[in-house]
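Colleague: Pasted the sequence and its predicted model underneath.
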Amino acid sequence: MCGIVGYVGEQQARDVVIEGLRRLEYRGYDSAGIALIGTADGVLSTDKRAGKLTNLEKAIEEHPLPPATTGIGHTRWATHGAPNDVNAHPHLGAHGRVAVVHNGIIENFARLRDELERAGHELLSETDTEITAHLLETEVESGHDLTTAMQRTCRRLEGAFTLVAIDAEDPSRVVAARRNSPLVVGIGEGENFIGSDVAAFIEHTREALELGQDQVVTITREGVAVTDFDGNEAEGRRYHVDWDLAAAEKGGFDWFMRKEIFEQPRAIADALLGRHDEDGQLQLDEVRISDGELRDIDKIIIVGCGTANYAGLVAKYAIEHWTRIPCEVELAHEFRYRDPILTRNTLVVAISQSGETADTLMAIRHAVTQRAKVLAICNTNGSTIPRESDAVIYTHAGPEIGVASTKGFLTQLIACYLLGLYLAQVRGNKYGDEIAALVRELAQMPDKVQAVLDQAETIYGLAERFQDARSVLFLGRHAGFPVALEGALKLKELAYIHAEGFAAGELKHGPIALIEEGLPVFCVVPPRGRDQLHDKMISAIQEVRARGALTIVLAEEDDPEVAPYADVLIGLPTVPTLLQPVVATVPLQLFACELATRMGHDVDQPRNLAKSVTVE
Ligand code: F6R
């Protein structure tokens with residue numbers, strides 16, 4: 001949510017910053033802006049425009065900014081104030097000496113704004129950010145360098161923020177600070193970078209520094225210095241980014257989302273890599289909770305939001321079945337407000353692709369205060385949620401740039417299965433050969449997902465057929481129910497049409513009234529191995545079809561029993577029931593991506609959304 005970039009070095013800062021913003025635009029696209037300190041005259045020049053980054057680029061082409069080697073930039077997801085030119089970042093201090101970009105929400109901004117206005121400051125925007133520019137500038141004008149000014153300012157701020165600032169009178173440094181909001185440093189040679197995530201600078205360096213909570217970082221050409229808000233020296237954690245520029249580009253696809261859907265076989269293979277030995281026994285080295293503690297776990301609560309929450313719903317079926325540990329799944333933003341019962345023997349599993357979702361972060365913080373153990377399932381190395389957890393299983397999906405989660409979801413499922421099997425192994429709930437058999441099934445998932453992707457043209461044909469639909473329903477049972485929810489979410493966020501997922505058994509308790517002639521209904525049929533579920537799902541399909549629905553049935557490819565009830569049949573590879581969500585979700589992703597494309601929507605940047613939701 002909001003992308004921020006900072007640069008100091010020898011290159012043209014304008015190019016580095018704009019390129020960084022392009023790679024971060026998925027984090028917000030309500031406006032974009034840049035501020036540079038001119039090399040020749042030391043004057044601060046800025047440009048900022050409402051709308052997507054292209055508006056800013058056009059403006060800079062028409063009115064070029066002076067050459068500069070120090071600069072900052074911002075791409076916004078609006079919180080305080082409408083998405084217009086005035087509210088766009090950067091914001092300047094009262095005398096135009098300091099420029100600031102910001103991600104997050106400053107909770108005490110009304111009080112600080114009052115105080116500034118009473119002291120005669122004129123604030124031009126409705127944002128909470130502008131006050132920080134005024135506060136910082138007041139500090140540098142009273143003789144502090146920008147680093148000290150940032151420390152002093154941050155001590156006065158409440159809420160969540162990443163701030164990046166430059167001072168026209170000191171072009172040698174860019175200073176940033178973070179509290180509860182993402183910030184990484186890119187370490188180059190003779191140049192250094194700041195970004196909301198490593199995508200901002202991946203084409204320049206793969207060496208990164210992860211900052212801790214409440215830290216200030218100063219980058220110059222020569223180096224990087226970290227302190228806390230009180231000015232004490234501090235340290236970040238240095239790491240090497242294990243993906244490169246190619247992973248952050250579209251690679252010939254029209255959308256990042258489509259590319260990421262097609263990357264799923266590889267992503268699943270990477271998620272499994274090194275997680276089991278040749279005998280199919282699991283090795284989760286990152287789970288630094290002792291076997292004894294895992295054996296004592298008597299309850300699991302899975303928290304996450306949106307798609308991550310649906311991964312949790314699937315996990316519940318698998319984990320309870322394999323381990324017999326009671327497992328609850330909760331939307332992260334609801335979790336702490338119901339005063340959940342947590343003990344030392346509760347394992348809270350936080351699922352988050354970005355590792356920065358504020359709702360999920362607050363949920364785990366609550367769990368930590370209650371002394372529960374926290375395990376993160378996360379895709380982003382160096383992000384806050386795994387850092388604040390006792391253990392982590394990284395999903396290794398590589399960067400997910402399309403705003404709608406796809407490979408993030410499938411690899412979250414894989415990580416949840418690994419966790420469930422690992423718990424079963426440690427606690428002795430399953431024999432070694434049973435675990436090995438399931439691990440073998442997991443190892444086949446990349447090929448099975450590929451087999452579904454090979455049917456993409458058929459699914460695109462469906463999107464063509466239903467491109468005028470104004471409502472689509474999704475039905476599933478058991479582990480197919482979260483798949484239905486996920487299919488509906490993808491369609492809502494990308495095609496902006498009414499889409500709902502239901503547990504098929506719930507139909508007759510109300511939703512069946514929605515069925516009318518020609519309504520497309522996707523139906524996820526469990527594998528035949530689970531006879532009861534399978535047959536009950538077929539009954540549900542018959543019920544909606546009898547009332548005029550057009551049924552698009554996802555079922556095992558050689559299932560003879562469903563064909564008579566399917567207007568369209570999409571064959572899924574044979575897999576165990578609990579693993580079926582991995583293959584059944586893929587056609588729904590392809591359908592949503594293609595339908596939105598045909599409707600002329602921006603698939604990678606759907607309206608009103610941002611990739612990583614860093615505000616509560
Ligand atoms: C939907 C989607 C969102 C995210 C949710 C959580 O396609 O992407 O629902 O799943 O905002 O995000 P993370 O996983 O980053 O915590």
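Modeller: Ah, there it is.

Colleague: tell me which element whichever residue of the stretch 101-250 of the chain sits closest to the ligand is part of?
Modeller: Using C-beta to the nearest ligand atom, the single residue of the stretch 101-250 of the chain nearest to the ligand is Pro182, 10.9 Å away. For the C-beta atoms, the positions are set from N, CA and C on the backbone; glycine is no exception. Counting by DSSP states H and E, there is no helix or strand that carries Pro182.

Colleague: quick one, what contacts it?
Modeller: 103, 162, 196-197, 356, 383-384, 612, 614 (C-beta atoms under 8 Å, 6 or more residues apart in numbering).

Colleague: again, but for Asn309
Modeller: Asn309 sits next to 303, 329, 331-332, 351 when contact means C-beta under 8 Å, 6+ apart.

Colleague: mind running it again at 6 Å?
Modeller: Contact partners of Asn309, counting by C-beta atoms under 6 Å, 6 or more residues apart in numbering, are Leu331.

Colleague: repeat for Val175
Modeller: 146-147, 150, 165, 218.

Colleague: Helix, strand or coil: sort out the residue nearest the centre of the chain for me.
Modeller: For the chain, the residue nearest the mean C-alpha position is Ser354 (3.6 Å; C-alpha atoms, centre = their mean). Counting by DSSP: H, G, I helix; E, B strand; the rest coil, the backbone at Ser354 sits in coil.

Colleague: hang on, isn't it packed against Thr614?
Modeller: No. Contact between Ser354 and Thr614 fails when scored by C-beta atoms under 6 Å: they sit 8.2 Å apart.

Colleague: Would you mind giving the domain segments of this protein?
Modeller: As assigned by automatic domain parsing, the chain contains the domains 3-248, 256-443, 456-598.

Colleague: Same list (those domains) but as a markdown table, adding mean pLDDT and distance to Val449.
Modeller: Listed next are these as a markdown table, based on pLDDT from 0 to 100; distance: least, C-beta to C-beta, whole Å:
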| stretch | mean pLDDT | distance to Val449 |
| --- | --- | --- |
| domain 3-248 | 94 | 19 |
| domain 256-443 | 95 | 5 |
| domain 456-598 | 95 | 6 |
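
Colleague: Serialize those to TSV and add fields for distance to Gln605.
Modeller: Output for the domains of the chain, formatted as TSV (distance: least, C-beta to C-beta, whole Å):
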stretch	distance to Gln605
domain 3-248	5
domain 256-443	6
domain 456-598	10
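
Colleague: neighbours around the residue of the stretch 301-450 of the chain found nearest the ligand, how many?
Modeller: Residue of the stretch 301-450 of the chain nearest the ligand, by C-beta to the nearest ligand atom: Gly306 (1.9 Å). Per other C-beta atoms under 10 Å, the neighbour tally for Gly306 reads 22.

Colleague: Against the ligand, which of the contacts of Pro182 make the cut? List them.
Modeller: Applying C-beta under 6 Å from any ligand atom, the subset of the contacts of Pro182 adjacent to the ligand comprises Ser612.

Colleague: out of the contacts of Pro182, what pair is the most spread apart?
Modeller: Largest separation among these by C-beta to C-beta: Asn103 and Ser383, giving 13.7 Å.

Colleague: re earlier: please identify which helix or strand holds the closest residue to the residue of the stretch 301-450 of the chain closest to the ligand other than its chain neighbours.
Modeller: Once flanking residues are discounted, Gly306 sits nearest to Leu489: 6.6 Å by C-beta to C-beta, 6 or more residues apart in numbering. Secondary-structure assignment from DSSP H and E places Leu489 in helix 480-495.

Colleague: Centre of the chain to the helix or strand following that helix, how far?
Modeller: With elements assigned by DSSP H and E, the helix or strand that comes after helix 480-495 is strand 498-503. In terms of C-alpha atoms, centre = their mean, to the nearest Å, the gap separating the centre of strand 498-503 from the centre of its chain is 23 Å.

Colleague: If you count neighbours, what's buried in strand 498-503?
Modeller: Across strand 498-503, burial judged by 16 or more other C-beta atoms under 10 Å covers 499-503.

Colleague: List the neighbouring strands of that strand plus their orientation.
Modeller: strand 471-476 (parallel) (DSSP bridges).

Colleague: what about the strand it pairs with, distance to the chain center?
Modeller: On C-alpha atoms, centre = their mean, the centre of strand 471-476 falls 25 Å from the chain's centre.

Colleague: again with stretch 467-480
Modeller: Stretch 467-480 has its C-alpha centroid displaced from the chain centroid by 24 Å (C-alpha atoms, centre = their mean).

Colleague: So what touches it?
Modeller: Contacts for stretch 467-480 (C-beta under 6 Å, 6+ apart): 314, 317, 483-484, 487-488, 491, 497-502, 504, 520-524, 526, 533, 537, 540, 578, 580-581, 598.

Colleague: Return a ChimeraX selection command for the buried portion of those residues.
Modeller: The buried residues among those can be selected in ChimeraX (16+ other C-beta under 10 Å) with this line:
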select :314,317,483,484,487,488,491,497,499,500,501,502,504,520,521,522,523,524,526,533,537,540,578,580,581
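
Colleague: hey, what's Val472 bridged with?
Modeller: Residues in beta-bridge contact with Val472 (DSSP bridges): Ala499.
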